[in-house]
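Engineer: Sequence first, predicted coordinates after that:
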Amino acid sequence: MPESKEFPISIGAVEAQWDEKNENYTVDISFNRGGSAEYVMDEDQLSDFESNPTGKYYNSNIRLS
């Protein structure tokens, strides 16, 4: 399992750190317009987000979940 991942999204940037104890990622999103948010995601959720790095995907599948 990768310890960390970073990738750009249309509305900012993502930094994810693997939490070995809980077997999930702590995901920090820094938004282009300021501010940030933190989420916990499993490997599949993070992979889906990395494959769909859009604001629409974020709003539909991450922010509202």
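Structural biologist: Right, received. Where do you want to start? Numbers count the residues shown, from 1 in each chain.

Engineer: got the contact list for P53?
Structural biologist: 7-10, 14 (CB atoms under 8 Å, 6 or more residues apart in numbering). Where C-beta positions appear, they are placed from N, C-alpha and C, glycine not excepted.

Engineer: can you pick the most crowded of those?
Structural biologist: V14 (21 neighbours; other CB atoms under 10 Å).

Engineer: show me where this structure has helices.
Structural biologist: 43-51, 55-57 (DSSP state H).

Engineer: tell me the mean pLDDT over the last one?
Structural biologist: Summarised as a single mean, pLDDT over helix 55-57 is 95.

Engineer: just how off-centre is that helix within its chain?
Structural biologist: The gap between the average C-alpha position of helix 55-57 and the chain average comes to 12 Å, counting by CA atoms, centre = their mean, to the nearest Å.

Engineer: Repeat that for the longest one.
Structural biologist: Computed by CA atoms, centre = their mean, the separation of helix 43-51 from the middle of its chain amounts to 8 Å.

Engineer: Just want the most central residue of this structure.
Structural biologist: The chain has V27 as the residue nearest its centroid, 4.6 Å off, counting by CA atoms, centre = their mean.

Engineer: Tell me, how many residues neighbour E6?
Structural biologist: Here the neighbour count serves as a burial measure; for E6 (other CB under 10 Å) it reads 10.

Engineer: shaky segments in the chain?
Structural biologist: Across the chain, residues meeting the criterion (pLDDT under 70) sit at 1-2, 65.

Engineer: which residue lies farthest from the center of it?
Structural biologist: Summary for the chain: using CA atoms, centre = their mean, the residue whose C-alpha lies farthest from the chain's mean C-alpha position is K21, with a distance of 18.6 Å.

Engineer: From F31, how far off is it?
Structural biologist: Applying CB to CB, to the nearest Å, one obtains 28 Å for the distance of K21 from F31.

Engineer: which residues does the residue nearest to the centre of the chain bridge with?
Structural biologist: Beta-bridge pairing of V27 under DSSP bridges involves A16, Y39.
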